[in-house]
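Novice: Here's a sequence, model it:
(4 chains)
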Number of protein chains: 2
Amino acid sequence: MTAGPHSPHTLMIRKLESIFRLSDEEKQALQGLPVQLQVLRADQDIVRVGDRPSQCCLLVEGYTCLYKLTTEGKRQIVAFQVPGDMPDLQSLHLKVLDNSLATVTPCTVAFIQHEDLRRICARYSRITAALWRETLVDASVFREWVLNVGRREAFSRMAHLLCEFRVRLKAVELAEGDTFDLPFTQGELADAIGTSNVHVNRVLRELRTKGLIRSKGIQVTIPDWEKLKEAAGFDPLYLHLEQDRAA
Amino acid sequence: MTAGPHSPHTLMIRKLESIFRLSDEEKQALQGLPVQLQVLRADQDIVRVGDRPSQCCLLVEGYTCLYKLTTEGKRQIVAFQVPGDMPDLQSLHLKVLDNSLATVTPCTVAFIQHEDLRRICARYSRITAALWRETLVDASVFREWVLNVGRREAFSRMAHLLCEFRVRLKAVELAEGDTFDLPFTQGELADAIGTSNVHVNRVLRELRTKGLIRSKGIQVTIPDWEKLKEAAGFDPLYLHLEQDRAA
DNA sequence: CGTCACGTTGAACTCGCTCAAAACGGGTGG
DNA sequence: CCACCCGTTTTGAGCGAGTTCAACGTGACG
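Specialist: Numbers count the residues shown, from 1 in each chain, chains lettered A, B, ... in the order given. Next comes the predicted model:
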């Protein structure tokens, strides 16, 4: 199921290279980036609302989520991250964090100092552009989530989340064929699609009985991709994965 | 009510200067940016999903919105823009648009060629950082909207939208005191907070009867700002308006 | 073998939707 | 200046998706 963890530098270079080829010099600069690896347990906050971090992190292994809380304490997950993602890259230019970042599963993360990133950005404008682009893709995903939560009913919402997750896992080679791991509790899924955990349970059952998914433990299988996409109203455009392959 | 329209260059410089002081050279570079002004009617698409624009636009006067549609045709507005905003700045690095941009009121917009922006970014890294930051603030607003639509009930959602709009208008001096214009139909408000227009009507009435807002035509007055903020669970942090004034 | 977190199911309830009709208001043409 | 028109706002009534509360099942783990 898993392609095994890569080094943080490899992950980052691979991701940026999915946009355009990096020069050897650019690659070397990235390779030289000092990082501090850290292993974290599940359900641990990495940074919190109001923090003013001097570093940002690169997810190497495991899954994290960004979340926000209402004043009454209701939680909304606004994004999940998969290995290779930089969940709080925004903190490079926004001093105060407006959301919290937490592990969902046990994780390995690599911390990179802002000043080191800034130094590289100052020198290599194409790396700046690539990192900027990453944050723009994140923003695009947020927009889709607003649509998902605002205008789809729970059934499609869940289907949509599954579609997104599958596509993103495939992109980092963490999904094989039509099967992948979904290591989230139903409560976490509920916080992501803006429903109650009870209803998540019912929606998952409906997805199962309609043959749109099969599941065994945390493993999910999608027997008919087209059918699930249709149920979700899923169009991968918003993930901006294939820069110019269509052109 | 209105401070009158500014030139596109003034708007842009003023906005970027709210983060850090620009040098004279940087200001001159921005002043020299070629722009093409255009006046648009209300309810007109400026760019659409799937477009591959070679320019992006700066809103000079009026209000626009970003929106997405589900496959069944339900519309979700994912953001409003006020004068000074660059609604599709994302297109600078994302080739294909994943949302549409439309005027809500009659608008004046200034189109700026991507190549011109890129030239300036290549030369002035602080302008790059400031523009990048703008897109990060946009992303922060999307995150808050996911929370708003996902975890608040309609009443608070509407209150929250009003709070956001008021704060953002104040920032560009388009709100005086506790009164501002809300030139949206209830249908548009419904698409923004993910409810039906009928329910928007009822929620607005409730806000009125509870004394949280007063309204006359498109003018909205907020008699008790703290009370509305509380009803909304509104914390302006996510708008990232005051970079370091708190520090 | 008990415990604890998570998953599952039922039942009552509620927020918000849909459908439908009526009132309003601002612009246009006569 | 009036009459008309059309989009918008407002209100009512019935309905439905999803919530809350509560109970029970299940599997992992000490």
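Novice: As a check, name the ranges of all strands in chain A.
Specialist: A:35-40, A:45-47, A:55-61, A:64-69, A:75-81, A:100-103, A:107-113, A:179-181, A:214-216, A:219-221 (DSSP state E).
Novice: And the helices in chain A?
Specialist: A:8-17, A:24-31, A:114-123, A:125-151, A:154-171, A:186-193, A:197-209, A:225-232 (DSSP state H).
Novice: what angle separates the first one from strand A:55-61?
Specialist: Angle of helix A:8-17 versus strand A:55-61, following axes from the mean of the first three to the mean of the last three C-alpha atoms, to 10 degrees, is 90 degrees.
Novice: and if you look at the fourth one?
Specialist: With the same axes, to 10 degrees as the basis, helix A:125-151 and strand A:55-61 are set at 70 degrees to each other.
Novice: do the same with the third one
Specialist: Following the same axes, to 10 degrees, one obtains 90 degrees for the angle between helix A:114-123 and strand A:55-61.
Novice: measure stretch A:40-49 end to end?
Specialist: 19 Å (C-alpha to C-alpha, to the nearest Å).
Novice: repeat for stretch A:33-45
Specialist: 24 Å.
Novice: Which positions within that stretch qualify as buried?
Specialist: Buried residues in stretch A:33-45, counted by 16 or more other C-beta atoms under 10 Å in any protein chain shown: A:Leu33, A:Val35, A:Leu40. Glycine gets a C-beta too; all of them are placed from N, C-alpha and C.
Novice: circling back to that earlier point, take the strands of chain A and write them to JSON lines, including distance to chain B.
Specialist: Output for the strands of chain A, formatted as JSON lines (distance: least, C-beta to the nearest C-beta, whole Å):
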{"stretch": "strand A:35-40", "distance to chain B": "22"}
{"stretch": "strand A:45-47", "distance to chain B": "14"}
{"stretch": "strand A:55-61", "distance to chain B": "12"}
{"stretch": "strand A:64-69", "distance to chain B": "4"}
{"stretch": "strand A:75-81", "distance to chain B": "4"}
{"stretch": "strand A:100-103", "distance to chain B": "11"}
{"stretch": "strand A:107-113", "distance to chain B": "17"}
{"stretch": "strand A:179-181", "distance to chain B": "23"}
{"stretch": "strand A:214-216", "distance to chain B": "24"}
{"stretch": "strand A:219-221", "distance to chain B": "22"}
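Novice: For DNA strand D, find the nearest of the ones you listed.
Specialist: strand A:214-216 (10.6 Å; C-beta to the nearest atom of the strand).
Novice: ok, the closest one near DNA strand C or not?
Specialist: No - counting by C-beta under 7 Å from any atom of the strand, DNA strand C has no neighbours in strand A:214-216; the shortest distance is 8.2 Å.
Novice: What helices and strands are in contact with that strand?
Specialist: helix A:197-209, strand A:219-221 (3 or more C-beta pairs under 8 Å, 6 or more residues apart in numbering or on different chains; DSSP states H and E).
Novice: The spatially most central residue of chain A: what's it in contact with?
Specialist: Central residue of chain A (C-alpha atoms, centre = their mean): A:Gln81, 2.3 Å from the mean position. Contacts were defined as C-beta atoms under 8 Å, 6 or more residues apart in numbering or on different chains; by that measure A:Gln81 touches A:Leu59, A:Tyr63, A:Thr64, A:Cys65, A:Leu66, A:Pro87.
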